[in-house]
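1. one predicted model, sequence on top.
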Amino acid sequence: MAGTNGKQKTARDMILSMGVIVLVAGVIYLFIPHDDSPPDLKRVDYRVELLTARRAASYPIAAPQGLPGTWKATSVRYQGEEFDAWHLGFHDPEGEYVAVEQSTQRRPVFLDEATQGARETGKTEKIDGRTWTRYEGGRYDALVLEGTKGSTTVVTGTASFAQLTKMADALKTE
């Protein structure tokens, strides 16, 4: 009988210890601040990269002019090693992502990568005198500039087509 009593004490002590640990963890959880809001993205200045890319690229590099300050540039990159790839990412006033992507990579491969697998809809629209084709996808939608030789220009992201159109309209190469 003595052995049984010892085992009961050990089990009881273990359950009490677990209860204390759960209680302490619960108190700690209550006092640690929780912020579920999305992180504030840092605005980047892309002027230096833009000038560098415009000097180095084999095609006219596009960047927006005249967008309101509510559009926040959040990422910029130029990679000239393989395909003269230009990327400029923004958050629009509605908090959605919009990117300008340009490259000399083979058009089908580049479009699949830049649009995250979006497919051509067959719809086109004139924006600032240029023809853009709409692409729709599960993750990103896109506008693809038609009639360019040697490079492909895409405006893509999670934003609405209205916001993608605003970006496409603001793009200038000089």
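-> Arrived safely.

2. and the strands in this structure?
-> For the chain, applying DSSP state E gives strands covering 63-64, 72-79, 85-91, 97-103, 119-127, 130-136, 141-145, 152-157, 171-172.

3. between the second one and strand 85-91, what angle do the directions make?
-> This means strand 72-79. Angle of strand 72-79 versus strand 85-91, following axes from the mean of the first three to the mean of the last three Cα atoms, to 10 degrees, is 170 degrees.

4. chain center to strand 72-79, what's the gap?
-> 11 Å (Cα atoms, centre = their mean, to the nearest Å).

5. again with the last one
-> Between the mean C-alpha location of strand 171-172 and the chain-wide mean there is a distance of 20 Å, by Cα atoms, centre = their mean.

6. what does the third one give?
-> Centroid separation for strand 85-91 versus its chain: 9 Å, with Cα atoms, centre = their mean.

7. hey, C-alpha coordinates of that strand in PDB?
-> What follows is strand 85-91 as a C-alpha-only set of coordinates in PDB (Å, rounded to 0.1, in the frame of the first residue of the first chain):
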ATOM      1  CA  ALA A  85      15.400  43.400 -64.300                       C
ATOM      2  CA  TRP A  86      13.800  46.500 -62.800                       C
ATOM      3  CA  HIS A  87      11.400  46.300 -59.800                       C
ATOM      4  CA  LEU A  88       9.700  49.200 -58.000                       C
ATOM      5  CA  GLY A  89       7.100  48.200 -55.300                       C
ATOM      6  CA  PHE A  90       4.500  50.500 -53.700                       C
ATOM      7  CA  HIS A  91       1.600  50.400 -51.300                       C
END
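
8. how big is the angle separating that strand from strand 97-103?
-> 170 degrees.

9. once you drop chain neighbours, what's closest to F161?
-> In this structure, F161 finds its nearest non-sequential neighbour in D141, 6.2 Å apart by Cβ to Cβ, 6 or more residues apart in numbering. Bear in mind the C-beta positions are built from the backbone N, C-alpha and C, glycine included.

10. please consider this matter closed, and thank you.
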